[in-house]
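# Got a predicted model here, sequence first, then my questions.
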Amino acid sequence: LAGWGAAPLRDELVCPICLEPFKDPVILDCGHNYCQACITDCWGGSGTGVCPQCRKSLPGGKLRPNKQLEAVVDKARDLDGECEKHGESLDHFCKQDQTLLCMICKESREHRAHTVILVKAAAEEFEVGHLVRNQRWG
């Protein structure tokens, strides 16, 4: 999420434990959010503990999924050009599928036999093709 423009918004979408974008965010009874794995690890798997931010005791350790926060993080990733699967930047373009890919997706079985080029090269090809079509028909 390094490329996100609005720092205050970015800060709200980052887990205070791992300092990464929320993954499977949960909200505690005190109102603070964490990645489910982070808070579970923090509590040592006991399922009960205190909030790392406000230190409120949370007997029973009820972890409620925060689907709204998850949706906002997903939208922010889309805007930032990050792969939904891997969180990597979308630097490649698959000509067959006409989709943006990260380095991991590029090497996957699904795209291995496809023609994959850098996004910058794809943009240049599109621009040149567009200019040629306009000259022919324009």
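Structure's in. What do you need? Remember, predicted model here, so these are calculated numbers, not experimental data. Numbers count the residues shown, from 1 in each chain.

# Could you tell me the end-to-end distance of stretch 40-50?
Separation of the first and last residues of stretch 40-50 by C-alpha to C-alpha, to the nearest Å is 11 Å.

# So this structure: which segments form each domain?
7-80, 92-137 (automatic domain parsing).

# Would you agree residue 40 falls within a helix?
Yes. Counting by DSSP: H, G, I helix; E, B strand; the rest coil, residue 40 is found in a helix.

# residue boundaries of the strands in the chain?
25-27, 33-35, 49-50, 57-58, 64-65, 92-94, 99-101, 116-118 (DSSP state E).

# Other residues contacting the third one?
The contact list for strand 49-50, computed with C-beta atoms under 8 Å, 6 or more residues apart in numbering, reads 39, 42, 43, 56, 57, 58, 61. The C-beta positions use only the backbone N, C-alpha and C, and glycine is treated the same way.

# Between the residues you listed, identify the one with the most neighbours.
residue 39 (23 neighbours; other C-beta atoms under 10 Å).

# mind checking how far that one is from residue 29?
12 Å (C-beta to C-beta, to the nearest Å).

# Same question for residue 23.
Residue 23 is 21 Å from residue 29, by C-beta to C-beta.

# ok, now residue 74?
For residue 74 relative to residue 29 (C-beta to C-beta), the value is 25 Å.

# can you check residue 110 too?
42 Å.

# Compare these two (neighbour count), which wins?
More neighbours surround residue 29 than the other of residue 110 and residue 29, with 15 against 12 (other C-beta under 10 Å).
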